[in-house]
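Novice: Compute the structure for the input listed below.
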Amino acid sequence: MTIDLPSPAKTLKIGTRGSPLALAQAHETRARLIAAFDLAEDALEIVIIKTTGDILRPDGSESHSDDWSAPVEDAASLGARLAQELLSRAGAGFFDWRAA
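Specialist: Model (predicted):
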């Protein structure tokens, strides 16, 4: 299977929740992918995924209910094949959480 790597003309969007932890994890993932595949900085874009379970409070903070996992799981499954392909190409030295 041949996969074209992300580029500024064809960006890869990394979907994440908007919490500080989720954003930190997304930025770490983005940085590692850029380094591992020698990608341009603007080849990967972080996109916050809002779901029906995300409720914005009057003070601007978010409240989360239990009704958010299905849309996130659907979005995550779309990128699973690409993630597996990128990991298979990463080679030695790239952190693979499956082996940890």
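
Novice: which residues of the protein fall in strands?
Specialist: 12-16, 44-48, 54-56, 62-64 (DSSP state E).

Novice: lowest confidence element among the helices and strands of the protein?
Specialist: In the chain, no helix or strand scores lower on mean pLDDT, DSSP states H and E than strand 62-64, which sits at a mean of 57.

Novice: Near residue 5, how many other residues are there?
Specialist: Here the number of neighbours of residue 5 (other CB atoms under 10 Å) works out to 16. (Each C-beta comes from the backbone N, C-alpha and C, glycine too.)

Novice: dump the residue contacts of it.
Specialist: Shown in contact with residue 5 (CB atoms under 8 Å, 6 or more residues apart in numbering): 37, 39, 43.

Novice: Same question for residue 46.
Specialist: Contacts of residue 46 (CB under 8 Å, 6+ apart): 13, 14, 16, 23, 26, 27, 30.

Novice: Before I go, just wanted to say thanks for your time.
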